[in-house]
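Asks: Show me the folded form of this:
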Amino acid sequence: MSIEIVLSLIAIGVLAGVFSGFMGVGGGVVMIPLMMLFLGYDQHQAQGMSLAVLAVPVTFIAAYTYHKSGFPIDWKYALVIASCFVIGGFLGSKIAVKIDQVLLKKIFAIVLVIAAFKLFFSK
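Replies: The predicted model follows:
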(Lines give C-alpha, C1' and ligand atoms only; values in the text may rest on other atoms or scores of the structure.)
Protein backbone atom coordinates (compact mmCIF):
# COMPACT_ATOMS: atom_id res chain seq x y z
CA MET A 1 0.00 0.00 0.00
CA SER A 2 1.33 3.40 -0.94
CA ILE A 3 1.30 6.29 1.53
CA GLU A 4 -1.30 7.99 -0.69
CA ILE A 5 -3.64 4.99 -0.35
CA VAL A 6 -3.06 4.79 3.42
CA LEU A 7 -3.83 8.49 3.84
CA SER A 8 -6.93 8.14 1.66
CA LEU A 9 -8.16 5.19 3.74
CA ILE A 10 -7.57 7.12 6.96
CA ALA A 11 -9.40 10.19 5.58
CA ILE A 12 -12.37 8.10 4.44
CA GLY A 13 -12.62 6.32 7.80
CA VAL A 14 -12.27 9.46 9.91
CA LEU A 15 -14.71 11.52 7.81
CA ALA A 16 -17.29 8.73 7.73
CA GLY A 17 -16.94 8.24 11.48
CA VAL A 18 -17.21 11.95 12.26
CA PHE A 19 -20.27 12.46 10.06
CA SER A 20 -21.88 9.29 11.37
CA GLY A 21 -21.31 10.24 14.99
CA PHE A 22 -22.11 13.93 14.48
CA MET A 23 -25.19 13.70 12.29
CA GLY A 24 -26.25 10.07 12.51
CA VAL A 25 -25.87 9.60 8.76
CA GLY A 26 -24.99 6.17 7.51
CA GLY A 27 -21.30 5.78 6.89
CA GLY A 28 -22.04 4.75 3.32
CA VAL A 29 -23.43 8.20 2.50
CA VAL A 30 -19.97 9.57 3.17
CA MET A 31 -17.76 6.59 2.35
CA ILE A 32 -19.16 5.68 -1.05
CA PRO A 33 -18.50 9.04 -2.75
CA LEU A 34 -15.09 9.32 -1.04
CA MET A 35 -14.04 5.83 -2.14
CA MET A 36 -15.03 6.67 -5.69
CA LEU A 37 -13.12 9.96 -5.53
CA PHE A 38 -9.98 8.94 -3.62
CA LEU A 39 -9.63 5.27 -4.53
CA GLY A 40 -11.11 5.23 -8.01
CA TYR A 41 -13.68 2.60 -7.04
CA ASP A 42 -16.74 2.13 -9.20
CA GLN A 43 -20.20 2.27 -7.62
CA HIS A 44 -20.40 -1.48 -7.01
CA GLN A 45 -16.93 -1.67 -5.44
CA ALA A 46 -17.63 1.32 -3.18
CA GLN A 47 -20.97 -0.06 -2.01
CA GLY A 48 -19.44 -3.46 -1.29
CA MET A 49 -16.54 -1.93 0.63
CA SER A 50 -18.94 0.25 2.61
CA LEU A 51 -20.88 -2.84 3.65
CA ALA A 52 -17.66 -4.66 4.56
CA VAL A 53 -16.57 -1.78 6.79
CA LEU A 54 -19.96 -1.55 8.48
CA ALA A 55 -20.13 -5.32 9.03
CA VAL A 56 -18.10 -4.81 12.19
CA PRO A 57 -20.15 -3.04 14.86
CA VAL A 58 -18.11 0.14 14.41
CA THR A 59 -20.93 2.47 15.35
CA PHE A 60 -21.70 0.85 18.71
CA ILE A 61 -19.38 3.20 20.61
CA ALA A 62 -20.96 6.24 18.95
CA ALA A 63 -24.46 4.97 19.77
CA TYR A 64 -23.41 4.23 23.34
CA THR A 65 -22.07 7.79 23.65
CA TYR A 66 -25.50 9.15 22.74
CA HIS A 67 -27.13 6.73 25.18
CA LYS A 68 -24.87 7.70 28.09
CA SER A 69 -25.27 11.42 27.27
CA GLY A 70 -28.96 11.42 28.09
CA PHE A 71 -30.42 10.32 24.76
CA PRO A 72 -31.62 6.83 25.65
CA ILE A 73 -31.52 4.13 23.03
CA ASP A 74 -34.03 1.31 23.19
CA TRP A 75 -31.59 -1.55 22.63
CA LYS A 76 -34.42 -4.03 21.95
CA TYR A 77 -35.66 -1.85 19.09
CA ALA A 78 -32.10 -1.49 17.84
CA LEU A 79 -31.65 -5.27 17.84
CA VAL A 80 -34.87 -5.83 15.86
CA ILE A 81 -33.94 -3.14 13.33
CA ALA A 82 -30.37 -4.49 13.04
CA SER A 83 -31.65 -8.02 12.47
CA CYS A 84 -33.97 -6.84 9.73
CA PHE A 85 -31.16 -4.71 8.33
CA VAL A 86 -29.15 -7.90 7.78
CA ILE A 87 -31.99 -9.39 5.74
CA GLY A 88 -32.59 -6.14 3.85
CA GLY A 89 -28.88 -5.76 3.17
CA PHE A 90 -28.73 -9.24 1.69
CA LEU A 91 -31.76 -8.63 -0.53
CA GLY A 92 -30.57 -5.16 -1.57
CA SER A 93 -27.12 -6.45 -2.48
CA LYS A 94 -28.64 -9.20 -4.64
CA ILE A 95 -30.52 -6.51 -6.58
CA ALA A 96 -27.63 -4.01 -6.73
CA VAL A 97 -25.10 -6.41 -8.26
CA LYS A 98 -27.49 -7.05 -11.15
CA ILE A 99 -27.96 -3.35 -11.99
CA ASP A 100 -25.67 -1.53 -14.41
CA GLN A 101 -23.24 0.79 -12.61
CA VAL A 102 -24.48 3.92 -14.43
CA LEU A 103 -28.06 3.28 -13.34
CA LEU A 104 -26.94 2.37 -9.83
CA LYS A 105 -25.03 5.67 -9.52
CA LYS A 106 -28.12 7.58 -10.61
CA ILE A 107 -30.34 5.75 -8.11
CA PHE A 108 -27.81 6.45 -5.33
CA ALA A 109 -27.66 10.15 -6.28
CA ILE A 110 -31.46 10.46 -6.37
CA VAL A 111 -31.76 8.90 -2.90
CA LEU A 112 -29.17 11.35 -1.56
CA VAL A 113 -30.90 14.36 -3.14
CA ILE A 114 -34.32 13.32 -1.84
CA ALA A 115 -32.91 12.80 1.65
CA ALA A 116 -31.14 16.16 1.52
CA PHE A 117 -34.30 18.02 0.45
CA LYS A 118 -36.37 16.29 3.11
CA LEU A 119 -33.88 17.19 5.83
CA PHE A 120 -33.38 20.73 4.59
CA PHE A 121 -37.06 21.60 4.35
CA SER A 122 -38.38 19.72 7.40
CA LYS A 123 -39.13 21.51 10.67
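Asks: Tell me which residues are up against stretch 4-14.
Replies: Applying Cβ atoms under 8 Å, 6 or more residues apart in numbering, the external contacts of stretch 4-14 come out as Val30, Met31, Leu34, Met35, Phe38, Leu39, Val53. The way it works is simple: take the backbone N, C-alpha and C, and place the C-beta from them, glycine included.
Asks: let's go with 6 Å and repeat that
Replies: Applying Cβ atoms under 6 Å, 6 or more residues apart in numbering, the external contacts of stretch 4-14 come out as Met31, Leu34, Phe38.
Asks: now do stretch 34-44
Replies: Residues from elsewhere that reach stretch 34-44 (Cβ under 6 Å, 6+ apart): Ser8, Ile12, Ala46, Met49, Gln101, Leu104, Lys105.
Asks: Tell me which helix or strand Thr65 sits in.
Replies: Secondary structure assignment for Thr65, by DSSP states H and E: helix 60-68.
Asks: For the helix or strand just after that helix, what is the distance to the chain centroid?
Replies: Under the assignment DSSP H and E, the closest C-terminal helix or strand after helix 60-68 is helix 75-96. Mean-position distance between helix 75-96 and its chain equals 13 Å (Cα atoms, centre = their mean, to the nearest Å).
Asks: Give the buried residues for helix 75-96.
Replies: Within helix 75-96, the residues that count as buried by 16 or more other Cβ atoms under 10 Å are Ala96.
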